[in-house]
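Asker: 3D, please:
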Amino acid sequence: MIRAHKVRLNPTPEQAIDLRQAVGTARFVDNGGLNRWQEAKAQGLTEYGVRARKQEFNGLKAALFPWVYEVSKRVCESAFANLGKALKNYFDSKKGHEKVQRLDSPVSSRSVRQSNRSAWSMTASR
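Answerer: Have a look, this model is predicted:
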């Protein structure tokens, strides 16, 4: 039997701002990393992997994207890690390898680092 649980977060207004900043930053980094990866590959650069894009971003973020420092560094790291997984899955599917998901494997959870503000308030429903 497969069970599903819905969890609703009830963040405070300050926490809602933090969540929006983290999600927006992750989306910006992911989309920008994918665009730069596509450009580098199209130009025929030898180093066009996700790691090279991450190093390029880290070199530019202080000057061009200082607002990235307002969120945890794990947000950007996770965005690049997820981009790497997505590209790997894409190329594996092109090679004919399908990812088989086991039904008995635990679902990976996402972590959001809590700032020094009050604890998260959550309610669960089925």
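
Asker: give me the nearest residue to the residue nearest the centre of the chain, chain neighbours excluded.
Answerer: By C-alpha atoms, centre = their mean, the chain has its centre lying nearest to Ala79, at 2.9 Å. Computed as C-beta to C-beta, 6 or more residues apart in numbering, the closest residue to Ala79 that is not its neighbour in sequence is Val29, at 3.9 Å. For glycine as for every other residue, the C-beta is placed from the backbone atoms N, C-alpha and C.

Asker: tell me the buried residues in the helix or strand where that neighbour lies?
Answerer: Using DSSP states H and E, the element containing Val29 is helix 13-43. Buried positions in helix 13-43, judged by neighbour count with 16 or more other C-beta atoms under 10 Å: 15, 18, 21-22, 25-26, 28-30, 32-34, 36-37, 40.

Asker: tell me where the model's unsure across this structure.
Answerer: Scanning the chain for pLDDT under 70 picks out 46-47, 97-126.

Asker: hmm, 90 instead?
Answerer: The chain contains residues with pLDDT under 90 at 1-6, 9, 33-54, 56, 84, 86-126.

Asker: all strands of this structure, in order?
Answerer: Taking DSSP state E as the test, the strands found in the chain are 6-9, 122-125.

Asker: which residues does Gly32 contact?
Answerer: For Gly32, the contact set (C-beta atoms under 8 Å, 6 or more residues apart in numbering) comprises Phe57.

Asker: and it, how far is that from Met1?
Answerer: Gly32 sits 42 Å away from Met1, going by C-beta to C-beta, to the nearest Å.

Asker: ok, now Tyr48?
Answerer: Separation of Tyr48 from Met1 (C-beta to C-beta): 45 Å.
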